[in-house]
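> Let's see this in three dimensions:
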Amino acid sequence: MNKKYILILLIISSILLLSGCWNYREIERLAIVSGLAVDKDENSGEYLLTTEIVDVKETMGKTTLTSKKIDSKGKTILDAIRNMIKISGKKLYLSHAKVFVISQDVAKENIVPIIDWISRDHETRIDIDLLISKEKTAKELLSQQSVTTDIRALEMNFMLDANKSLAKSPKVGTYEFINTLESEGISPTLPAIGITTSENKETSELSGTAIFKKEKLVGFLDEEESKYLLFIRDKIKGGLLSINMSENNPKDKVTLEIFKNKTKIKPVYSGENISINISIKTEVTIEENDTSINNIDEKGRAKLKNESEKFLEKQIGDLIKKVQNEFDSDIFGFGAKIKAEMPHLWKVIKDDWDDIFKDLDVVVNAQIDIRNSGITSKPIEVGD
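Model (predicted):
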């Protein structure tokens, strides 16, 4: 008798398990979103949302991917998304969305509503790339001519991934932005994107770093400044250093390629004074020598090492002073470092950190190791 009951239970269980997907949806009824852009209506204050929809077509056995744009308005982001159904006739499918471009107007007012929706929605991925538009609107970035693919948002995603070897803009997922926003002693940043011209056509390009103070955009760093921010944050994965070897001739430059870097930030508390020591150890190779100087022999290499270390220290020092004076936003995480290593001190100073940060003394020490000079061991010499 017991065997009979067990058999019945097994049959019922199999029926339940093999009944199909409970939330199955036909792909023809979905609009697959590759990217989004959000602006603000100046008159109504409503969100203006633009989505790039992937259009899959099959002709004579060949599949092609193109994109279409849909615009809508809404009092909230979700309201604008739902309103798109009235236009497309399909529900937006957001799980494949790669980038979300945010206008300066939205970011200056408050970026939290955008981030909150992304983190709550069950379809959007928490690692979706966020970008701040340096142009008047975010929409125009999704409308530019693509260079490598017909899907504009995918190309933006490729640009961010490839940027690791350029170090001219940070790559920040939504989850990372939220973690920084909720932390003490550090302000968040996002990559900035603008418009450039390629082959007489306008297209988009990464354009430095957007700086936030808490939830509001306060300014931008250019591409070169962004590199030194990544140095301080210990997020350099590659990139170049162009060193001027002659005060009399600015064209006498040596270009070093970065292969490895380690940055350590150490807070120092002495008496009533707080300071920050930054130690940088970088491995490079000589990739271009636009001088007649032999930078490979012992004497030349020692001079190049010294000049490159002074150059890096100055650039990082100048960036810190600029951020202190112009933005008053601790994007370097100095306060977070003090909190981690000196928690008792942080409890005392955290309410006054904005004022302390403005005048904080920062000492930068760079150590550069030149590994090799590529496949050429001496400069090219022009004969008589």
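> Return the residues in contact with Asn110.
By Cβ atoms under 8 Å, 6 or more residues apart in numbering, Asn110 lies in contact with 215-216. For glycine as for every other residue, the C-beta is placed from the backbone atoms N, C-alpha and C.
> Show the contacting residues for the residue lying closest to Ala167 once chain neighbours are set aside.
Nearest residue to Ala167 in three dimensions, chain neighbours excluded: Gly239, at 3.2 Å (Cβ to Cβ, 6 or more residues apart in numbering). Contacts for Gly239 (Cβ under 8 Å, 6+ apart) come out as 165-168, 227, 230, 257-258.
> Can you pull the phi and psi angles for Gly239?
phi 110, psi -180 (degrees, to the nearest 10).
> ok, now Glu309?
According to degrees, to the nearest 10, Glu309 has phi -70, psi -40.
> what about it, neighbour count?
The number of residues packed near Glu309 is 18, by other Cβ atoms under 10 Å.
> What distance do you get for it to Lys68?
Counting by Cβ to Cβ, to the nearest Å, the gap between Glu309 and Lys68 amounts to 52 Å.
> ditto for Glu223
32 Å.
> So for these two, which sits in the more crowded spot?
Between Glu223 and Lys68, counting by other Cβ under 10 Å, Glu223 is the more crowded of the two (17 against 11).
> Give the closest residue to that one in space, chain neighbours not counted.
In space, Glu223 is closest to Lys168, 3.9 Å off (Cβ to Cβ, 6+ apart).
> Contacts only, for that neighbour.
So Lys168 contacts 206, 208, 223-224, 226-227, 239 (Cβ under 8 Å, 6+ apart).
> same check, this time on Val362
275-278, 317, 320, 334.
> mind running it again at 10 Å?
Counting by Cβ atoms under 10 Å, 6 or more residues apart in numbering, Val362 touches 232, 265, 275-278, 316-317, 320-321, 324, 332, 334.
> Any quick PyMOL command for the buried ones out of the residues you listed?
Paste this into PyMOL to select the buried members of the contacts of Val362, with burial taken from 16 or more other Cβ atoms under 10 Å:
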select buried, resi 232+265+276+278+316+320+324+332+334
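> Can you lay out the contacts of Val362 as CSV showing distance to Asp161 and pLDDT?
Listed next are the contacts of Val362 as CSV, based on distance: Cβ to Cβ, whole Å; pLDDT from 0 to 100:
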residue, distance to Asp161, pLDDT
Ile232, 22, 98
Ile265, 27, 98
Ser275, 37, 97
Ile276, 31, 98
Asn277, 33, 98
Ile278, 28, 98
Ile316, 26, 98
Gly317, 31, 98
Ile320, 28, 98
Lys321, 32, 98
Gln324, 32, 97
Phe332, 24, 98
Phe334, 29, 98
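> of all the contacts of Val362, which comes closest to Lys57?
Ile232 (47.5 Å; Cβ to Cβ).
> so the closest one touches Asp330, yeah?
No - between Ile232 and Asp330 there is no contact under Cβ atoms under 10 Å: 11.0 Å.
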